Structure formats: structure tokens, C-alpha cells
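Peer 1: Sequence isn't available, so here's the structure alone:
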């Protein structure tokens, strides 16, 4: 076999490196999780519903990063910038132009897709740690850009903007928090299905070929530049929609809400949930939302240290994230059925 044929063969193996079933939960498990998400808000207070809404929103943002890093192998520490653009797009459209909140989501997605796609163009020459540093710079600069004087009329400057939380439509007998939860759940399910189908499509196989071996992917005829920028655009679009939902849920946007800390938290959520495993996004989101509260409950003065210890234990015990736990659970269930 010639060297070129070996490269092509290696690329073919790279495309098939992630089994289609490995990206999702089984049908039965998915239905159980969905039923729990639908029923739970009926039995809890509004504050818990708000936390569950933020869980879905951060889950979307982690899912977007999973497509970029787990799907195409590009490391990004700049997701907070796309999240901020989506949040401010919704806030400006709702408060300055009186646009319906639901209509602001696709607009924010399109704006962030363009932003991510354009940012991906100069980032084509970078990879690995250098790409991470470039996106880190973007995340660091974004809060300062939102404070610029010529944007203050639209963004509110340092003081930010207050966003009006929508009421339930058609006179439905539910609170604002409950309606927003179900609205967010519907958007999350739609985007999750889109993401699964994307990674199973030809484009998704191209993403994974680039992730596993960029040279082999190019030899197979994959347009590496196009698909790398497309991955950035899609990831930015989903993150922007998450930012839009976050702005509506929190009812406030301000530059200091979207610092590099948010970007690192999303990256942490992806690692804890399992890189490349889409259902793990919700597990990672739960970790970055609830574990800091648990750490503060253990010790308010040393909450950061407690959080670090808990994170170390998770990474040590399950280095591949929640995906590893799911695989072990499936193996155990298989052995129990055989016995």
C-alpha cells in the first residue's frame, strides 16, 4: 500500500472513530429523562424552576462547545464572547425595538453564526494551545468592548440593560418562570436533535475526520478550511441562542457578567460531562451550577478550595467525564441481564 493510500485508509478509520450510538442516550433512557424534565417543575418552587432553566441554558452552551471541541477538535476559551453577543442581541432587540422575545432567538443565532464564522477565518492558521489563546483573548476583550462609549446608548455601558421576562401566552395558568422553563426546554430539545443529526451527517463525519487527523481528512477531499470555520459558526450560533435565553431568564445583561470566568466554566462543564458526548452537556452544566453552591455550603470562607478539591476528585475518579460513568452503567446492566 502506498503512503497516500495509507493516509486515506487512516482518514476512513478516523471518520468512523465515534460510533453513532455513542453520541446519544438510548431511546428508553431519553424518554425517562424527558419525562422527568417535563414533570419536575410542577412539584417545585419558582426558584428551583429558575435553576432548572439555567441548567438547560448552560447545557446548551456546553453542547455548543462540545460540537466545536468534541466534534471538530478545536479548543476554544472564547465561548463567553458568543454568549454575550447573543444575550445583548436579545436585550437590545427587546428593549429598544420591542421585538418579541421568541423572534430574538433566531436573530441572535444568525448574528453569532456570522461572528463565529468570521472569527474562524483568521483562526484557521492556529491550532491547539495557540487557538485556545486566540479565543482566550476574544473572551478577555469582549466585556471591555461592550463598555465602549459609542455603544453605551444601545448596551447601557457599565450599568447594562434590564430585560423584561415574558408572561405565559394565551392566558395559560402558569408563572413566568414556569413558562420560560418549558419554552427553554422546547428550544433545548430542538437544538439537541439538530446537533445529533449534524454529527451523524456528512458534515459531522467531516468534523470528526478533521479532529482525528487533519492531513488524512484533506487527502480524502474534505475542505478543512470550510468545515473548521463552519464548526466555529455553528458552535457560536448555539452559544448565542443560549445567551439569549440566559438574558431573558436573568432579566439583566451587563459586561461583567460575561468574563473569562464564564468561558472557563463552560469548558469545565464540557470536560466533566465528557468531551464529544452530547448528553453529558447537561451533566457538565449541573456541575458548574450546583457544585459551587455545595462547596459554599461546606465552607463559605474556603468555598474555592472545596470546589477545587471536588473537581480534582471528579477528574481523578472519572477522567473521561460522565460518559465513562454511563459506559460502566451499561456494562453493569448487561452483566445483570446475562446473570
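Peer 2: Happy to help now that I have it. Everything numeric in this text was worked out from a predicted model, so none of it was measured.
Peer 1: now residue 97: how far from residue 112?
Peer 2: Separation of residue 97 from residue 112 (CB to CB, to the nearest Å) stands at 18 Å. Where you see a C-beta, it was placed from the backbone N, CA and C, and this is true even at glycine.
Peer 1: When those two are compared, which one has more neighbours?
Peer 2: For residue 97 versus residue 112, the count of surrounding residues by other CB atoms under 10 Å is larger for residue 112: 30 against 8.
Peer 1: excluding its backbone neighbours, what's nearest that one?
Peer 2: Closest residue in space to residue 112, ignoring its immediate chain neighbours: residue 240 at 2.8 Å, by CB to CB, 6 or more residues apart in numbering.
Peer 1: what about the strands in this structure?
Peer 2: Taking DSSP state E as the criterion, the chain contains strands spanning 161-162, 252-253.
Peer 1: okay, now residue 76: neighbour count?
Peer 2: A count of neighbours around residue 76, defined by other CB under 10 Å, yields 31.
Peer 1: Pick the most buried one from the strands of the chain.
Peer 2: Greatest average neighbour count among these goes to strand 252-253 (a mean of 22), per mean count of other CB atoms under 10 Å.
Peer 1: So in that sheet, which strands flank it, and in what orientation?
Peer 2: For strand 252-253, the paired strands and their directions (DSSP bridges) read strand 161-162 (antiparallel).
Peer 1: what about stretch 120-136, how long is it end to end?
Peer 2: Start and end residues of stretch 120-136 are separated by 14 Å (CA to CA, to the nearest Å).
Peer 1: Run through who's touching that stretch.
Peer 2: Stretch 120-136 is contacted by residues 74-79, 81, 214, 225, 228-233, 260, 263 when judged by CB atoms under 8 Å, 6 or more residues apart in numbering.
Peer 1: Could you measure from the residue nearest to residue 112 over to residue 164?
Peer 2: According to CB to CB, residue 240 and residue 164 sit 20 Å apart.
Peer 1: between the two, who's got more neighbours?
Peer 2: Neighbour tally, residue 240 and residue 164, criterion other CB under 10 Å: the higher count belongs to residue 240, 35 against 13.
Peer 1: The more buried one against residue 82, yeah?
Peer 2: Yes: with contact defined as CB atoms under 8 Å, residue 240 counts as touching residue 82 (5.4 Å).
Peer 1: I figured residue 212 hits residue 70, correct?
Peer 2: No: taking CB under 8 Å as the contact criterion, residue 212 and residue 70 are not neighbours in contact, 11.8 Å apart.
Peer 1: Neighbour count: those two, which is higher?
Peer 2: Under the neighbour definition other CB under 10 Å, residue 212 and residue 70 were set side by side, and residue 70 has more, 26 against 18.
Peer 1: any idea how far the nearest residue to that one once chain neighbours are set aside is from residue 74?
Peer 2: For residue 70, ignoring the flanking residues on the chain, the nearest one in space by CB to CB, 6+ apart is residue 276 at 3.2 Å. If you measure residue 276 against residue 74 using CB to CB, the figure is 13 Å.
Peer 1: When these two are compared, which one has more neighbours?
Peer 2: Neighbours were tallied for residue 276 and for residue 74 using other CB under 10 Å; the higher tally belongs to residue 74 (26 against 23).
Peer 1: Need phi/psi at the more buried one.
Peer 2: phi -100, psi 120 (degrees, to the nearest 10).
Peer 1: Would you mind stating the distance between it and residue 248?
Peer 2: Using CB to CB, one gets 29 Å for the distance from residue 74 to residue 248.
Peer 1: helices or strands up against the lengthiest helix in the chain?
Peer 2: Taking DSSP state H as the assignment, the helix of the chain that covers the most residues is helix 224-250. When contacts are defined as 3 or more CB pairs under 8 Å, 6 or more residues apart in numbering; DSSP states H and E, helix 224-250 sits against helix 46-65, helix 72, helix 79-96, helix 101-120, helix 176-200, helix 202-212, helix 214-219.
Peer 1: quick one: residue 281 from residue 266, how far?
Peer 2: Distance check for residue 281 against residue 266: by CB to CB, it reads 10 Å.
Peer 1: Give the intersection of the neighbour lists for these two.
Peer 2: Contact criterion CB under 8 Å, 6+ apart; residues shared by residue 281 and residue 266: residue 62.
Peer 1: Compare neighbour counts for these two and give me the winner.
Peer 2: Set residue 281 next to residue 266 and count neighbours by other CB under 10 Å: residue 281 wins out with 30 against 27.
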